[in-house]
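Peer 1: Can you look at this prediction? I've put the sequence above it.
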Amino acid sequence: MTSSQTQYRCFPNCRCMRDDEELARGVERAYEMVFKGTVDFFVIKAASDLGLFEAMASGPQPVAALAEATGTVPARLERLLITMEQVGLARALEGAWRLTPFAEQFFTAQDQHRNMTMVPFVSYMSDLIQSYYANLADVTRGKLDFTSQVPHPPRTREDSAFYENIHRSNIHFVQKFLRDKARLEGVRHLIDVGGGIGDIAASLCDKYPDLRVTLLNLPSALDLVRENMAARGLSERVTAVAVDMYREAYPEGDAVLFARILYPMNRQFSTMLLKKAHDALPRGGRVIILDMIISDPARPNYDYLTHYLCSIGMNFSVLEFKDHAIYPELLQEVGFGDVTCDEAYDHVLYQAVKQ
Ligand SMILES: C[S@@+](CC[C@H](N)C(=O)[O-])C[C@H]1O[C@@H](n2cnc3c(N)ncnc32)[C@H](O)[C@@H]1O
């Protein structure tokens, strides 16, 4: 301890931080947790509730015009805009306010930025804050369970549309990673397990002109997939079928893809699903696993943690913090070999061949 450091900041046996450098790092992290989280999310929520992102998307405008468009008090709106400027969402230039390119990308025009937008997440998180996260202590006390306004697993087309819209909203780098690294040369028939609305299948068909995909999903999602494929001229190449990925056998193909399916599942569930993939493949067939990284102690995965918190209020959940490093051993146990692993964009891609 240097002489410039305080010897006791606290009572003698307290286990708090004694080292000033460590304390300074702690301050940064603690401020992020309490102040940054609050400001970032609630400014975004207010702008979204007010329709301010849409109002500003049409180009630079003075406060008075924005106040008129959003039904707000100009002097108050100005302070909201100044806060948005501080956190990188807005800029003021010659008396007019505009969104930054960052804000435009993530918080406006979700259909235009369909595969990389936060718009659906903002409304989903806002609802969950009010109905669930704000009451997490009571949830932990056992006084409240998790209930979602949209049933999960989805049962109707509308339920599935809600969740598939969410899944497709952060898929850009998943598509890119698979296009760049998945070894699908020579593969004619891919089984896409829990394949979402088909955006991944479409992106792979685009890269591999001879590829056909059978996409497994819940019955309530099938029409959404079919409509998406029809709109892209891929109805002949992507077939959506209702197969329960946990309970039923998978159709035969020469590669099986699990994109963002296995990452939260424990070893037992992962093994069960990988065995189904093994049974569906000929010798030499490939299995491809793309997972979010959720087990890096230096980089907590907050996307996953928002879901994991929901599992506190469920009496049964498959959500876990499995370390993806178990895959090579697990794949070999199931009968796969030649295991490779790539890492990019906070995701991992494991590929293996049936022996
Ligand atoms: C987390 S999303 C992943 C979607 C897609 N693979 C992606 O990465 O965007 C899970 C997908 O599995 C589907 N799903 C959920 N339970 C299923 C089940 N029992 N059988 C088949 N599909 C299921 C969901 O409808 C959804 O499309």
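Peer 2: Sure, I can see it. Just so we're clear, the structure is a prediction, and the values are computed from it rather than from any experiment.

Peer 1: residues touching Pro219, list them.
Peer 2: Pro219 is in contact with Ala242, counting by C-beta atoms under 8 Å, 6 or more residues apart in numbering. Every C-beta, even on glycine, is put in place using the N, C-alpha and C of the backbone.

Peer 1: Please see if the one helix or strand Met125 maps to touches the ligand.
Peer 2: Using DSSP states H and E, Met125 maps to helix 119-131. No: judged by C-beta under 6 Å from any ligand atom, helix 119-131 and the ligand are separated, with a smallest distance of 13.1 Å.

Peer 1: Keeping just the C-alphas, turn that helix into CSV.
Peer 2: Extracted in CSV, the C-alpha atoms of helix 119-131 (Å, rounded to 0.1, in the frame of the first residue of the first chain):
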residue,chain,number,x,y,z
VAL,A,119,-37.1,-1.7,-31.9
PRO,A,120,-38.9,-4.9,-30.9
PHE,A,121,-36.6,-5.4,-27.9
VAL,A,122,-37.4,-1.9,-26.5
SER,A,123,-41.1,-2.6,-26.4
TYR,A,124,-40.6,-6.1,-25.0
MET,A,125,-38.2,-5.0,-22.3
SER,A,126,-40.5,-2.0,-21.4
ASP,A,127,-43.4,-4.4,-20.8
LEU,A,128,-41.2,-6.8,-18.8
ILE,A,129,-39.8,-4.0,-16.6
GLN,A,130,-43.3,-3.1,-15.6
SER,A,131,-44.8,-6.5,-15.2
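
Peer 1: average pLDDT across the following helix or strand past it?
Peer 2: As assigned by DSSP H and E, the chain's next helix or strand after helix 119-131 is helix 136-141. Mean pLDDT, helix 136-141: 97.

Peer 1: what's the distance between Ala55 and His113?
Peer 2: Going from Ala55 to His113 by C-beta to C-beta, to the nearest Å gives 17 Å.

Peer 1: of the two, who's got more company?
Peer 2: Ala55 (20 against 17; other C-beta atoms under 10 Å).

Peer 1: Tell me what Gln61 is bridged to.
Peer 2: Trp97 (DSSP bridges).
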